[in-house]
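Q: Let me see the structure of the following:
(one chain, ligands or ions: 1)
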Amino acid sequence: MNMTLEDNDHSDRFFSRWRLVTGFAVMAGIAAIVIGVYVNHARQQVGADYTAMVGDVVRAQQQNNQLNQVINVFMANPASVHLPEINHFLWLAQRHLEGIQNSIGRYPLLEPHVSYLSDDFKLLESQLTELERLALQTIHDNSFLEPLQQLGMEMEVNMAWIYSELNNAVHAAAGEQYRVTQQMSRAVIPLVLFVLIMTASLFAAVINLQQQRNKMHKLMLTDELTGLKNRRYLVSIATTQLANAQRQQHPLSLMILDLDYFKHVNDTYGHPAGDEVLRLVTGCIASLCRQSDTLARIGGEEFCLLMPNTSMEEAKCVAMRIRQKVASLELDCVKDGLRITVSIGLTTTITGEQTFEQLYSLADQALYQAKETGRNRVDIVLPPVHMGGSDSSYTNNAEKPKSYFSSPSLNNVKES
Ligand SMILES: Nc1nc2c(ncn2[C@@H]2O[C@H](COP(=O)(O)OP(=O)(O)OP(=O)(O)O)[C@@H](O)[C@H]2O)c(=O)[nH]1
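A: Next up, the predicted model:
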């Protein structure tokens, strides 16, 4: 029960860590989007090169003056000889106008600040076309001189207005660009730190999660009180070891160990003292086991020892040693020099043909016999001949087993 509650606790922690990792991932995602948007905005700002546009505007302003001069010369003497020059400057003005409009289209951050000029741009385009037409007509008809002069003045005002506004807008954008560049250079260090912290936190959370997962896995297979393996582990390893025993035709022994009158220990000295006794006794048993043996706690005061590659004789020796050592244990945690004893049921298969359940059942019957016949004993029940082969080789000083199902063989080996 205790174990189950602990399991739940660990499982809760496991899932809360998953939530933590998910939280980190979401935060990192949001941070990445914010940084991405910021960097994109900054890139547009910093990446915009307004120099070419400023050059266009300055040249357009200069050519505006030259065009005015040419028009003035033409109005003083409206001869066709001036027409190519006028057309040339008109053409240049047109190109500059187009160039500037294209530049505006390339800088999305500038566009909103100059969009109010679009009508003026259209007007200027139509004025340029109209001027070309009027200049041509004036050569044939002087009455067009006045409208031409009028249009020239209007165009000059319009151009001056557009270019001065553009100049202001470009300067403002360049100023903003400088400000963003400054901001970016200041923001780079905290941004990098933030990303590093996020990455490190995520990394730490994942490692933590992995450790928690490993711990949980270990806990799932471990008895918390004694630190021994638990029944789940025992069943899984027993299946593997039985298969090995069968393949290699090696004997495998299984014993069940049950502390005698343990209830009395709890009732007399209290549960915590009982726990300490369990730890001391299992420590003592574990010290007598081989590296390849598996000692597991399968119940309150009941343990299993699985011994691969161990004959009945060898296992019997181990069982006797355990029984004696436990009986002679001095338990400081209980007063009055109380001694604890253990009853042991043992079985052995020489071929590994039995299932774990069958072996367990045989060892359990042997344990039952040990308890029934006085406790602090080792009893053996062997598999029947038809289940495990030549069991006659196992028999100690008792009769040969008859049948696993009807009358299993009993070997009382309690030594004096
Ligand atoms: N302190 C402690 N006691 C436990 C634990 N698990 C089981 N027990 C106790 O072990 C005792 C087992 O009692 P019984 O099944 O009557 O067995 P017993 O008193 O050892 O008697 P026999 O096995 O017949 O010799 C009970 O009192 C349980 O409360 C544990 O984790 N810690």
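Q: any chance you could map the strands in the chain?
A: 229-230, 252-259, 294-297, 302-308, 342-349, 378-380, 411-412 (DSSP state E).
Q: The residue nearest to the spatial centre of the chain: what's its closest spatial neighbour, skipping adjacent residues?
A: Nearest to the mean C-alpha position of the chain, counting by C-alpha atoms, centre = their mean, stands Val206 at 4.9 Å. For Val206, ignoring the flanking residues on the chain, the nearest one in space by C-beta to C-beta, 6 or more residues apart in numbering is Val21 at 6.3 Å. Using the backbone N, CA and C atoms, a C-beta is placed for each residue, glycine as well.
Q: Now do the same contact list for the one you found.
A: Neighbouring residues of Val21 by C-beta atoms under 8 Å, 6 or more residues apart in numbering: 202, 205-206, 209.
Q: Can you flag the buried ones in those residues?
A: 202, 205, 209 (16 or more other C-beta atoms under 10 Å).
Q: I'd like the distance between the residue nearest to Val206 and Ser292.
A: 39 Å (C-beta to C-beta, to the nearest Å).
Q: Could you pull out the buried residues of stretch 342-360?
A: 342-352, 354, 356, 358-360.
Q: State the distance from the residue nearest to the centre of the chain to Leu242.
A: Taking C-beta to C-beta, one finds Val206 at 38 Å from Leu242.
Q: What's the mean pLDDT across stretch 295-312?
A: Taken as a whole, stretch 295-312 carries a mean pLDDT of 96.
Q: That stretch and the ligand in contact?
A: Yes - with C-beta under 6 Å from any ligand atom as the criterion, the ligand is reached by stretch 295-312 at 300-301.
Q: What residues does Met155 make contact with?
A: By C-beta under 8 Å, 6+ apart, Met155 lies in contact with 124, 127-128, 131.
Q: do Leu136 as well
A: Leu83.
Q: Could you do Ala93 as well?
A: Neighbouring residues of Ala93 by C-beta under 8 Å, 6+ apart: 60, 63-64, 67, 128, 159.
Q: Over to Leu242?
A: Leu242 touches 252, 349, 352, 354-356, 359, counting by C-beta under 8 Å, 6+ apart.
Q: In the stretch 51-200 of the chain, what residue comes closest to the ligand?
A: Ala200 (42.0 Å; C-beta to the nearest ligand atom).
Q: Can you add pLDDT and distance to the ligand and give the contacts of Val21 back as CSV?
A: Below are these laid out as CSV (pLDDT from 0 to 100; distance: C-beta to the nearest ligand atom, whole Å):
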residue, pLDDT, distance to the ligand
Leu202, 82, 40
Ala205, 84, 35
Val206, 87, 36
Leu209, 87, 30
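Q: Show me which residues of the stretch 201-350 of the chain sit near the ligand.
A: Counting by C-beta under 6 Å from any ligand atom, the stretch 201-350 of the chain sits next to the ligand at 225, 258-263, 266, 271, 274-275, 278, 300-301.
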